[in-house]
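Undergrad: Next one to model:
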Amino acid sequence: MAKAGDVACVVLPDGLGWCNGAGNVLGVYLHGLFEDPAVLQALFGANTPTLDSVFDGLTDYISQHFEAGVLASLIASSNPS
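TA: Next up, the predicted model:
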């Protein structure tokens with residue numbers, strides 16, 4: 001492609017996204033991007049809970065409202081042996 005003059009240009013910092021003259025795009029998924037509070041603030045304009053804080057809240061809720069052993073019994077009953 002380069003010999004034919006079809007050279008991609010970087011469109012995201014650090015080479016995380018490329019675009020050629022025909023408009024074809026190559027992008028790289030950024031694992032954990034939506035877990036960064038600064039990224040969430042920049043994208044959505046508000047303080048948004050992180051994935052970790054959501055899971056922590058779910059854990060707290062379960063510990064307060066479920067009887068001990070309920071989750072283990074549900075998992076065991078749905079797992080055919």
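Undergrad: Which parts of this protein belong to which domain?
TA: Following automatic domain parsing, the chain resolves into domains at 1-30, 33-81.
Undergrad: could you redo those domains as CSV and give each row mean neighbour count and mean pLDDT?
TA: Where C-beta positions appear, they are placed from N, C-alpha and C, glycine not excepted. Listed next are those as CSV, based on neighbours: other CB atoms under 10 Å; pLDDT from 0 to 100:
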stretch, mean neighbour count, mean pLDDT
domain 1-30, 11, 77
domain 33-81, 10, 84
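Undergrad: Show me what Trp18 is bridged to.
TA: Listed by DSSP bridges, the beta-bridge partners for Trp18 are Val10, Leu26.
Undergrad: Surely it is in contact with Val7?
TA: No. Judged on CB atoms under 8 Å, Trp18 makes no contact with Val7 at a distance of 9.6 Å.
Undergrad: can you give me the offset of the longest helix anywhere in the chain from its chain's centre?
TA: In terms of residue count, the longest helix belonging to the chain (DSSP state H) is helix 51-65. Helix 51-65 has its C-alpha centroid displaced from the chain centroid by 19 Å (CA atoms, centre = their mean, to the nearest Å).
Undergrad: Next: stretch 16-34.
TA: 16 Å.
Undergrad: got the CA positions of that stretch in CSV?
TA: This file holds the C-alpha atoms of stretch 16-34, laid out as CSV (Å, rounded to 0.1, in the frame of the first residue of the first chain):
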residue,chain,number,x,y,z
LEU,A,16,-3.7,4.6,18.7
GLY,A,17,-5.7,5.5,15.6
TRP,A,18,-4.9,5.8,11.9
CYS,A,19,-6.7,7.0,8.7
ASN,A,20,-5.7,6.6,5.1
GLY,A,21,-6.5,8.9,2.2
ALA,A,22,-9.6,6.8,1.3
GLY,A,23,-11.0,7.4,4.8
ASN,A,24,-10.4,3.9,6.1
VAL,A,25,-9.8,3.9,9.8
LEU,A,26,-7.8,1.7,12.0
GLY,A,27,-8.4,2.2,15.7
VAL,A,28,-7.2,0.5,18.8
TYR,A,29,-9.4,-0.2,21.8
LEU,A,30,-8.1,1.3,25.0
HIS,A,31,-8.8,-1.2,27.8
GLY,A,32,-10.0,0.6,30.9
LEU,A,33,-10.7,3.9,29.1
PHE,A,34,-14.2,4.2,30.7
